[in-house]
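1. turn this into a structure:
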Amino acid sequence: MKFKKIATAATALLLATTGVYAQTPPAPVSQPAVNLVNAESIQALKDMGAHLQTLKRFQVSTQLTGERVLADGQKLQHVANAELDVDRPNKLHARMHSARSEREIFYDGKVATMYTPAQKYYSSVEFSGNLGELVSKLEQRYAVEIPLSDLFLWGTPAAPVDKIDSAMNAGQDFIGNDLCDHYAFRQGDFDWQVWITTGANPLPRKLVITNRSDEARPQSVSLIEWNLKPTFKDAVFKFTPPKGATAVELRPIDKK
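-> Numbering: from 1, shown residues only. Got it, this is the predicted structure:
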């Protein structure tokens, strides 16, 4: 899975005079603060997160469209794809590919490995936490991002809903053949929207993130597909170096 409170107040001072003395002005009337956080939208986010945490074995894929802003403000769109095989609490195989690069991440509950097929380079680190903890460690310690990482954080303390500045229900849309409830949130420098399937299986089907810290407001759009009855074998989570592959050290980022 990233806040300003907006409040308004009005005061009026009335001073009436009759002759040589002034009447006592009435007390100012305070206007109620505007509540920008819709409780039902927050509850929908909580319900989706709770449901995601119940999913044990699944496949999920996404097509991500991102924007890069040039120095003159012109925007360029790029497309990437990712597929994840997941077996909670601690097994993952992620494949990310675009016209410019390809990489894979393997995690079998004991070792996490990053692999770049084009160069046949791989780096491994020992780890024994769950997938939410893996997401946090790889990003914070090694600057390695797992696609759709929010799927492992929603519904946990790592994605607190009390940090959301505003929340609203934006109606309904179809994403593919799925009728979805559309919610919009503002959180710090980011606006984000999520489309959640209606009914008993509230799954995110589309995610849009807008960076408001950049005047150009670049966006990323993820369309998400689900397979809750996968047929993969456990072998997909274990990395076996192919012939000619070279091991390289995965160094922690410099936090100075």
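2. buried residues in the longest helix seen in the chain?
-> Using DSSP state H to assign secondary structure, the helix with the most residues in the chain is helix 39-54. Of all the residues in helix 39-54, those buried under the rule 16 or more other CB atoms under 10 Å are S41, I42, A44, L45, M48, G49, H51, L52, Q53. C-beta here means a position set from N, CA and C on the backbone, and glycine is covered the same way.
3. what about the closest residue to the fifth one other than its chain neighbours, how many neighbours?
-> Taking CB to CB, 6 or more residues apart in numbering, and ignoring the residues beside it in sequence, M48 has P202 as its nearest neighbour in space, at 4.5 Å. Applying other CB atoms under 10 Å, we find 20 other residues in the vicinity of P202.
4. quick one: list the elements packing against the one helix or strand R103 maps to.
-> Element membership for R103 (DSSP states H and E) is strand 102-107. Strand 102-107 is packed against strand 91-97, strand 111-116, helix 131-142, with contacts defined by 3 or more CB pairs under 8 Å, 6 or more residues apart in numbering; DSSP states H and E.
5. swap in 6 Å and give it another go.
-> If you count contacts as 3 or more CB pairs under 6 Å, 6 or more residues apart in numbering; DSSP states H and E, strand 102-107 packs onto strand 91-97, strand 111-116.
6. the longest one to strand 102-107, inter-axis angle?
-> Using axes from the mean of the first three to the mean of the last three CA atoms, to 10 degrees, the direction of strand 91-97 lies 180 degrees away from that of strand 102-107.
7. can you list contacts of strand 91-97?
-> Here strand 91-97 makes contact (CB atoms under 6 Å, 6 or more residues apart in numbering) with 81-86, 103-107, 109, 131, 146-147, 236-237.
8. same thing but at 8 Å, please
-> With CB atoms under 8 Å, 6 or more residues apart in numbering as the test, strand 91-97 has contacts from 80-86, 102-109, 131, 134, 146-147, 232, 234, 236-237.
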